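Participant: this is the structure alone, sequence omitted:
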């Protein structure tokens with residue numbers, strides 16, 4: 001009887017606290033999925049109503065985010081383990097992406113998902129086909145591959161993964177295209193490793209899948225060099241790296257520990273290069289990022305991009321008269337024709353290099 005009374009009191013007390021505190025608590029969805037909607041009982045769903053309502057109840061449980069955060073914090077800070085199969089906990093608060101269905105970054109790291117010669121040939125043929133089509137429109141074409149974070153900061157990966165594979169997908173693609181085609185391809189692995197040794201700050205975020213503004217500068221400098229533009233060296237006298245506020249990224253969010261892991265990362269800005277009075281006239285992550293610059297290179301550049309290009313925007317945008325960076329998910333050939341660029345860049349991160357097999361600018 002005492003236990004029953006205590007249970008009822010806990011339920012009533014939690015409801016009372018929730019009534020007053022709900023509007024002040026975090027109700028955001030951090031799980032990258034659609035939460036279950038409240039079902040309505042009908043003749044069509046009476047067999048599944050119980051299951052559907054349980055899913056709705058679990059997704060809308062009072063103090064749900066707080067309870068999940070408490071549980072994941074105990075997992076992370078006490079047991080050094082991840083409750084998410086998509087996040088690997090590395091050393092010194094480094095987090096790494098592990099979702100096999102999103103490019104298999106661990107397979108890329110370990111070299112267990114290598115391409116066959118036939119696949120490399122198919123990939124090359126598609127890239128050449130796209131280049132030839134653009135060439136007919138008097139447009140230059142460049143492929144840009146951003147290295148995975150796991151490869152650049154392999155020393156922080158858990159020991160059981162071992163050293164990064166010497167042969168891996170991005171390297172296969174880079175070498176095959178260099179040896180078997182005349183395509184222009186930029187894979188700034190060496191430049192990033194040199195920058196990592198040369199500066200005191202991290203060039204990728206600890207708690208995010210992406211490089212930060214420093215890594216973005218190195219990547220943009222490598223791309224610009226391929227296009228005949230020299231940005232100052234990261235270690236040159238002109239360049240200053242300015243540390244900003246603490247931040248945390250998408251991997252910490254997957255663990256429901258975004259606020260708790262803010263201490264691990266910083267935002268940065270890179271200063272000292274010629275910005276050519278850059279103006280960002282539009283910024284829509286899933287659609288277009290548009291920049292204009294005065295007294296910059298007179299060519300217009302169009303980047304078919306993923307999320308890695310967002311940290312390259314200030315540097316690319318400052319070096320060309322007009323820069324148009326379009327998310328690959330919303331790209332259309334009609335939009336390309338409308339922009340009529342001189343240069344087209346197809347940018348992808350290492351883990352999604354598969355996209356070179358099938359992408360089309362047409």
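Facilitator: The structure has been received and is ready for your questions. All values reported here derive from a predicted model rather than from experimental measurement.

Participant: from now on I want contacts and neighbour counts done on CA atoms only, so please keep to that.
Facilitator: Noted.

Participant: list the residues that contact the residue nearest to residue 351 when sequence neighbours are not counted.
Facilitator: Leaving aside its sequence neighbours, residue 351 sits nearest to residue 103 (Cα to Cα, 6 or more residues apart in numbering; 4.5 Å). Residues in contact with residue 103, defined by Cα atoms under 8 Å, 6 or more residues apart in numbering, are 351-354.

Participant: with residue 349 as the reference, measure out to residue 103.
Facilitator: In this view, residue 103 and residue 349 are 9 Å apart by Cα to Cα, to the nearest Å.

Participant: show me the shaky parts of the stretch 151-300 of the chain.
Facilitator: Low-confidence regions of the stretch 151-300 of the chain, defined by pLDDT under 70, are absent; no residue qualifies.

Participant: ranges for the strands of it?
Facilitator: Listed from the start of the chain, the stretch 151-300 of the chain has strands (DSSP state E, counting those that start in this stretch) covering 185-186, 240-247, 265-271, 279-283, 288-292, 297-305.

Participant: quick one: these as CSV, columns for mean neighbour count and distance to residue 141 too.
Facilitator: Rendered in CSV, the data for these read as follows (neighbours: other Cα atoms under 10 Å; distance: least, Cα to Cα, whole Å):
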stretch, mean neighbour count, distance to residue 141
strand 185-186, 20, 9
strand 240-247, 13, 31
strand 265-271, 17, 27
strand 279-283, 13, 24
strand 288-292, 21, 19
strand 297-305, 21, 10
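
Participant: dump these into TSV; add distance to residue 325 as well.
Facilitator: As requested, those are exported to TSV (distance: least, Cα to Cα, whole Å):
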stretch	distance to residue 325
strand 185-186	17
strand 240-247	25
strand 265-271	20
strand 279-283	9
strand 288-292	5
strand 297-305	4
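
Participant: between these, which gets nearest to residue 219?
Facilitator: For the strands of the stretch 151-300 of the chain, distance to residue 219 was read as Cα to Cα. The smallest value, 8.8 Å, belongs to strand 185-186.

Participant: so how far is the closest one off the chain centroid?
Facilitator: Its chain's C-alpha centre and that of strand 185-186 lie 19 Å apart, by Cα atoms, centre = their mean, to the nearest Å.

Participant: could you do stretch 330-350 as well?
Facilitator: Relative to its parent chain, stretch 330-350 has a centroid offset of 19 Å by Cα atoms, centre = their mean.

Participant: what residues does that stretch touch?
Facilitator: Judged by Cα under 8 Å, 6+ apart, the contacts made with stretch 330-350 from elsewhere in the structure are 138-148, 169-170, 286-287, 299-306, 308-309, 324, 355, 361-362.

Participant: would you map the helices across the stretch 1-150 of the chain?
Facilitator: Secondary structure of the stretch 1-150 of the chain by DSSP state H, counting those that start in this stretch: the helices cover 2-21, 49-59, 64-73, 105-110, 117-136, 149-152.

Participant: weakest of the ones you listed by average pLDDT?
Facilitator: Taking each of the helices of the stretch 1-150 of the chain in turn, the one with the lowest mean pLDDT is helix 2-21, at a mean of 53.

Participant: rewinding a little: mind checking which of the contacts of stretch 330-350 are buried?
Facilitator: Buried positions within those, assessed by neighbour count (16 or more other Cα atoms under 10 Å), are 139-148, 169-170, 287, 300-306, 308-309, 324, 355, 361.

Participant: no more questions from me, cheers.
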